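# Build me a model:
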Amino acid sequence: MAFNNQETETPLLSPTFPAHQMSRGEVEARVESEILGALPLQCWLPEGAQPYAHCSAAVACLVALVSVLIAYDGQPQESWPSGILTLNGLVALLATLCRTFFMVTIAATLTQGKWNQLSLRHDSEDTCYRLQDFALFDEAAKGPLGSIQLLWRFKGRHIECLGAALSILSLAFGVFSQQLIALEINAVERSSLGDTGQVPRATWVESVRGYSNSWTPLSTTKLAIYDGFMAAAIDQPQVRCPTGNCTWPITPTVGVCGACINTTERIQIPGPVPPPGSLLSGPCSVSTPGGIQINSSCDLDFGIVFTLGPGSGEVFSSHKAPLARGAPNVIAEFGALGLPVRQSLNATIRESLATECALWYCLQAHNVSVRQGVLEDEVVETWSRVNATGNAGGEAMVGGRRVVFIDIPASFNIEPGEVYGLGPMQMITIQQYFNKTVVGNVTADGYTRGIWSTTDYAEGLHNSFDDVDSWLDRLTRSMTNEVRLSGWNASSTAARYYRGTVLSSQVMFIVRWLWLIYPAGLVALSVLCLIIAATQTLGMTDVRAWKDDPLVPLCLDLDVQLRERARAGLLEPNGTRKLVGRHHVLVTRGDDGFPMGFAMKQD
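Numbering: from 1, shown residues only. Prediction:
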């Protein structure tokens, strides 16, 4: 086979034999023998199977990575067995191996691309190539920069452009793999009888003492009432929580409930009232329907400005008090009339406010928890229905009545068989104490700027008269705390029934699966790219899987014109590419169609 029309010696680039000592026919036969002799060594099997092995290894690494992630997703950090290699380290190792095998697979498809483009199936009368394209595939196989050049050159016209794109996209492979594992601090439950303290609770209240007709509340009960009237804040009873994060089941307890309503609109000022600013200031009598009354000057800023007294029962007609006025568990009902402390020195009693309040024993359902060391104790439900005809067995009590809560809803989490109620002398004693103690009035003098009270209880409510609801919350909480801490628990199994759960902080492995889509997609596309390239190669009769075999190019010949130009560029780096890289050449072939070399295209 002749490469040109001139009878000249045709030295080959291969150093394996001296072409200048052989005839042209011998050279052609030797070249064909060299190429065909190299084929068994470069076929897909056994060495040709390497891309498949690399691709399989990439898939295996990805499968191993997914298996590890599945195994440790949602597991505690201490479940990782190795003290040397961390889970993130193993993920990084598997991801690196996966990307390495993935890139070797892509490199094989890219280097094979330079041979596939020389196939006879692409030949036509005007088919020509540029020599630098031959090197461009090898550059693309080396890294992303060459891949960018390949994409720019062929604009997606070759399947190898997919491999070049994957090579570029692989730069983000490590970034996505490093985002797969996150650490999350979760609360883990630990339930044990001794882990947490018991929520203060009482099933039975007997906070009075005495004999015959002489009964009085315990000192702790008196102090709780006093604190409720006077204190600016009342804390919740503390519970033990070793980790600072604990929960308890709904815990029922006897407590104190209350309600107040505003009755200012029903204040009565009988008789004619002198106009404001009148030089003659007459007496004023301000009263409520319940019988509370203040007699003072209408316009002068001194005299009685606040007083406590009985209630009219109106509070029991409101939705705030879910029981009747004469219910056995009512502790007290009382009213207040007068000026708040902020107005006591600069207003007259014609600007008075009025309120009526009631207190009663109730059953409370507490939802108690500790979060980050902060106690939360919320009353989620109350119940006030009682039976006071006798004790649980129906026996009438002498000197008082035993009060028992009945028809308690299941939502209160009552231990089966447990009875909640009040001792036989509890109600009559506490009612008498309130009626005798919660009295008094407050006097103010605007000129001397002085305020005086006859009892601490009158002073306490007077100080909070402009925010009665908050004051009532403090009073009922104080009295409930005393009941919970001093009351009686009859059940011997309550500690187990209402035991708490310790929530200990635990660091957990959390897999962010969406970050795996990108690496898995690259591996899947690399498999597709390899299959397409291999299918193309197997379908070509004049090309084999030579890929990046460095010996195969040595068997290709250049015509004299190309060779001389190429030699001139050897004196400087990339000189050969500059001189002959952009030249359009034709592929010369042997009788069997295999490529034998390149010849300059004649214009």
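# and residue 427, how many residues sit next to it?
For residue 427, the neighbour count with other CB atoms under 10 Å is 25. Placement of C-beta: from N, CA and C, glycine included.
# Check residue 489 too.
Neighbours around residue 489, by other CB under 10 Å: 16.
# count of residues packed around the nearest residue to it once chain neighbours are set aside?
Leaving aside its chain neighbours, residue 489 sits nearest to residue 203 (5.3 Å; criterion: CB to CB, 6 or more residues apart in numbering). A count of nearby residues for residue 203, using other CB under 10 Å, gives 21.
# Test my guess that residue 203 contacts residue 497.
No: here residue 203 does not reach residue 497: they are 11.8 Å apart, not a contact under CB atoms under 8 Å.
# Direction included, what does the host helix or strand of residue 309 pair up with?
Assessed by DSSP states H and E, residue 309 sits inside strand 302-310. Sheet pairing of strand 302-310 (DSSP bridges) gives strand 330-338 (antiparallel), strand 441-445 (antiparallel).
# in the protein, which helix has the most residues?
Determined from DSSP state H, the single longest helix within the chain is helix 87-116.
# Which neighbouring elements make contact with that helix?
helix 50-72, helix 131-142, helix 160-169, helix 173-178, strand 181-191, helix 517-538 (3 or more CB pairs under 8 Å, 6 or more residues apart in numbering; DSSP states H and E).
# relative to helix 50-72, how tilted is that helix?
160 degrees (axes from the mean of the first three to the mean of the last three CA atoms, to 10 degrees).
# Do me a favour and average the pLDDT over helix 87-116.
Averaging pLDDT along helix 87-116 gives 86.
# cool, and stretch 340-351?
On average, stretch 340-351 scores 78.
# List the buried residues of it.
340, 341, 343, 344, 345, 347, 348, 349 (16 or more other CB atoms under 10 Å).
# Pick out the most distant pair among these.
341 and 348 (15.2 Å; CB to CB).
# circling back: output the strands paired with strand 302-310 as CSV; include the columns mean neighbour count and distance to residue 60.
Listed next are the strands paired with strand 302-310 as CSV, based on neighbours: other CB atoms under 10 Å; distance: least, CB to CB, whole Å:
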stretch, mean neighbour count, distance to residue 60
strand 330-338, 24, 77
strand 441-445, 21, 87
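# Go through those strands and name the closest to residue 530.
Closest to residue 530 of these, according to CB to CB: strand 330-338, at 85.9 Å.
# Return the distance of the closest one from the chain's centre.
Taking CA atoms, centre = their mean, to the nearest Å, one finds the center of strand 330-338 at 49 Å from the center of the full chain.
# Beyond that strand, next helix or strand please.
strand 353-371.
# What are the buried residues along that following strand?
Applying 16+ other CB under 10 Å to strand 353-371 flags 353-370 as buried.
# Spell out the residue ranges of the helices in the stretch 401-550 of the chain.
426-437, 456-463, 468-486, 494-497, 517-538 (DSSP state H, counting those that start in this stretch).
# want to throw those helices into CSV with mean pLDDT?
Listed next are those as CSV, based on pLDDT from 0 to 100:
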stretch, mean pLDDT
helix 426-437, 93
helix 456-463, 94
helix 468-486, 95
helix 494-497, 80
helix 517-538, 86
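# Those helices: which one's closest to residue 142?
That would be helix 517-538 among those, by CB to CB, at 16.6 Å.
# which helices and strands sit right next to the closest one?
Secondary elements touching helix 517-538 (3+ CB pairs under 8 Å, 6+ apart): helix 50-72, helix 87-116, helix 160-169, helix 173-178.
# now these in a markdown table, with distance to residue 262?
Conversion of the helices and strands packed on helix 517-538 to a markdown table gives the following (distance: least, CB to CB, whole Å):
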| stretch | distance to residue 262 |
| --- | --- |
| helix 50-72 | 62 |
| helix 87-116 | 63 |
| helix 160-169 | 72 |
| helix 173-178 | 64 |
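# Reformat those helices as JSON lines; add distance to residue 294 and mean neighbour count.
Formatted as JSON lines, the helices and strands packed on helix 517-538 follow (distance: least, CB to CB, whole Å; neighbours: other CB atoms under 10 Å):
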{"stretch": "helix 50-72", "distance to residue 294": "75", "mean neighbour count": "18"}
{"stretch": "helix 87-116", "distance to residue 294": "76", "mean neighbour count": "22"}
{"stretch": "helix 160-169", "distance to residue 294": "87", "mean neighbour count": "23"}
{"stretch": "helix 173-178", "distance to residue 294": "77", "mean neighbour count": "16"}
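# closest to residue 243 out of those helices?
Residue 243 lies closest, by CB to CB, to one member of the helices and strands packed on helix 517-538: helix 50-72, at 24.3 Å.
# Would you check how far apart residue 520 and residue 100 are?
Distance of residue 520 to residue 100, given as CB to CB, to the nearest Å: 16 Å.
# thinking again about what came up before, looking at the helices and strands packed on helix 517-538, spot the one closest to residue 474.
The nearest among the helices and strands packed on helix 517-538, by CB to CB, is helix 50-72 at 51.2 Å.
# angle of the closest one against strand 181-191?
30 degrees.
# So what pairs up with residue 259 in the strands?
Those that pair with residue 259 in a beta bridge, by DSSP bridges, are residue 358.
# what's the least confident stretch among the strands paired with strand 302-310?
strand 441-445 (a mean of 88).
# quick one: contacts of it?
294, 301-308, 338-339, 344-345, 450-454, 458-459, 462 (CB atoms under 8 Å, 6 or more residues apart in numbering).
# Need the buried ones from these selected in PyMOL.
A single PyMOL command suffices to select whichever of the contacts of strand 441-445 are buried according to 16+ other CB under 10 Å:
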select buried, resi 294+301+302+303+304+305+306+307+308+338+339+344+345+451+453+458+459+462
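# residues touching residue 178, list them.
Listed by CB under 8 Å, 6+ apart, the contact partners of residue 178 are 88, 91, 92, 95.
# Run through the residues that contact the third one.
The contact partners of residue 92, by CB under 8 Å, 6+ apart, come to 174, 177, 178.
# Redo those as JSON lines? Include pLDDT and distance to residue 501.
Below are the contacts of residue 92 laid out as JSON lines (pLDDT from 0 to 100; distance: CB to CB, whole Å):
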{"residue": "174", "pLDDT": "88", "distance to residue 501": "42"}
{"residue": "177", "pLDDT": "91", "distance to residue 501": "38"}
{"residue": "178", "pLDDT": "90", "distance to residue 501": "36"}
